[in-house]
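*Asks:* Next comes the sequence, and after it the predicted model I'd like to discuss.
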Amino acid sequence: MIISTIGSHSALQILYGAKQENFATKIYCLEGRDKLYKRYPVADEIIILDSYEDLLKLPPDKKEIFIPHGTLIAMLGEKIEEIQIPIFGNKVGMLWEMNREKNLHLLSEAKIRVPRTMHPENIDDLVIVKFPGAKGGLGYFTCSSTEEYKHKITELLRKTKITKLDVKNAQIQEYIIGVTMYPHYFYSPIYDRVELLGIDRRYETNVDALGRLSQSTFSIEPSYKVVGNQPLIARESLLPEILDYGDRLKEAALKLFPPGLIGPFCIEMAITTGEIVAFEFTSRIVAGTSLFVGGSPYSQMLFNEEMSMARRIVREIKMAMGQRRLQKVLT
Ligand code: AMP
């Protein structure tokens, strides 16, 4: 069996994890990106593509399992449905992830507190305006009134940073003031359990740099483009609720789009002084998991061996193959 992915996001971790489990590996890259994957001994085969869309044309292969990640979602969007190579996880979950309304709907169905959403004419609080796609927070802005919203949208359109369609599909969310935390969950259909394998916090530019300047002197628009990730360990008393959120999301997904979430998922949350608020879920591996190629404190306690998210995925594939239940984890 060959484990494949596209060259970006968490590809190095994915290929390394597959190697740890003794699988052959293949990577699909755009021209130029192959240089990176030649520098690490993790890809047995490197295939150059002219565009990400070429992936859709590749015929299904019974001997290959494709591991999806954030770049796939950002670059192909709903076209992921057309991928013919079997992929690990539930494609329907990924479609729910891409649609902002559905994304919050699933979290609400799981009885997880989410930010209020507002119409442009009814902005009554500090809000964050989020555009479609997993582009790492690119172009998001904050504002606190309808006038300010209109002014900023006009400017972004004028500078062609966004399109009219982006404006139509933008979501206006209550801005949550809290410490952001991104727990890495894994739902194992084989063990029928949700595991917590690690937690990270994103390092975002320039919002994470603004604290170094006096805001009374400068008026700089924060942006949320991820540049990297930092490991995080949660205060132990927060863990029961964090684990409960994972269990509830898995249950709600099973109800709304059976068989629900398969494998890795993440709930993007902010811990405020009084509660845990979630602003998004993802239904595939998140980039912050690459912090834990050698395992995290949580995965160490669970498996007592180096268990990255990628290795966990491939271990699940291996167990499913051993039990002749591979179809349970693929779509
Ligand atoms: P997202 O595209 O939902 O992953 O958001 C990108 C970044 O924007 C997050 O990592 C947060 O730092 C920030 N963010 C998103 N939604 C909110 C919110 N409702 N309140 C505060 N910050 C947010």
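*Replies:* Right, received. Where do you want to start?
*Asks:* mind checking how far stretch 198-212 is from the chain centre?
*Replies:* A distance of 16 Å separates the centroid of the chain from that of stretch 198-212, by C-alpha atoms, centre = their mean, to the nearest Å.
*Asks:* what does this structure put close to the ligand?
*Replies:* Contact residues, the chain versus the ligand (C-beta under 6 Å from any ligand atom): 115, 128, 130, 137, 140, 173, 175-176, 180, 202, 204, 224, 268, 270, 279-280. In short, each C-beta sits where N, CA and C put it, glycine included.
*Asks:* one more time with 8 Å, if that's ok
*Replies:* 115, 128, 130, 134-137, 140, 173-178, 180, 182, 202, 204, 207, 224, 226, 268, 270, 277, 279-280 (C-beta under 8 Å from any ligand atom).
*Asks:* List only those of the residues you listed flagged as buried.
*Replies:* Buried by 16 or more other C-beta atoms under 10 Å: 115, 128, 130, 134, 136-137, 140, 173-176, 180, 182, 202, 204, 207, 224, 226, 268, 270, 277, 279-280, out of these.
*Asks:* thinking again about what came up before, take the residues of the chain next to the ligand and keep only those in strands.
*Replies:* 128, 130, 173-174, 180, 182, 202, 204, 224, 226, 268, 270, 277, 279-280 (DSSP state E).
*Asks:* For the residue lying closest to L330 once chain neighbours are set aside, report the pLDDT, please.
*Replies:* Nearest non-adjacent residue to L330, counting by C-beta to C-beta, 6 or more residues apart in numbering: P86, 4.4 Å away. Looking at P86, its pLDDT stands at 97.
*Asks:* what's near enough to touch P86?
*Replies:* P86 makes contacts with 60, 62, 64-66, 330-331, as judged by C-beta atoms under 8 Å, 6 or more residues apart in numbering.
*Asks:* Mind doing that once more with 7 Å?
*Replies:* Shown in contact with P86 (C-beta atoms under 7 Å, 6 or more residues apart in numbering): 60, 65-66, 330.
*Asks:* Go ahead and build a ChimeraX selection from the buried members of those.
*Replies:* The buried residues among the contacts of P86 can be selected in ChimeraX (16+ other C-beta under 10 Å) with this line:
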select :65,66,330
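*Asks:* just the contacts of P86: which has the poorest pLDDT?
*Replies:* Among the contacts of P86, P60 has the weakest pLDDT, 93.
*Asks:* Please verify my assumption that that one contacts I83.
*Replies:* No. Taking contacts as C-beta atoms under 7 Å, P60 lies outside contact range of I83: 9.0 Å.
*Asks:* Nearest to the ligand among the contacts of P86?
*Replies:* Relative to the ligand, the closest of these is F66; by C-beta to the nearest ligand atom it sits at 23.3 Å.
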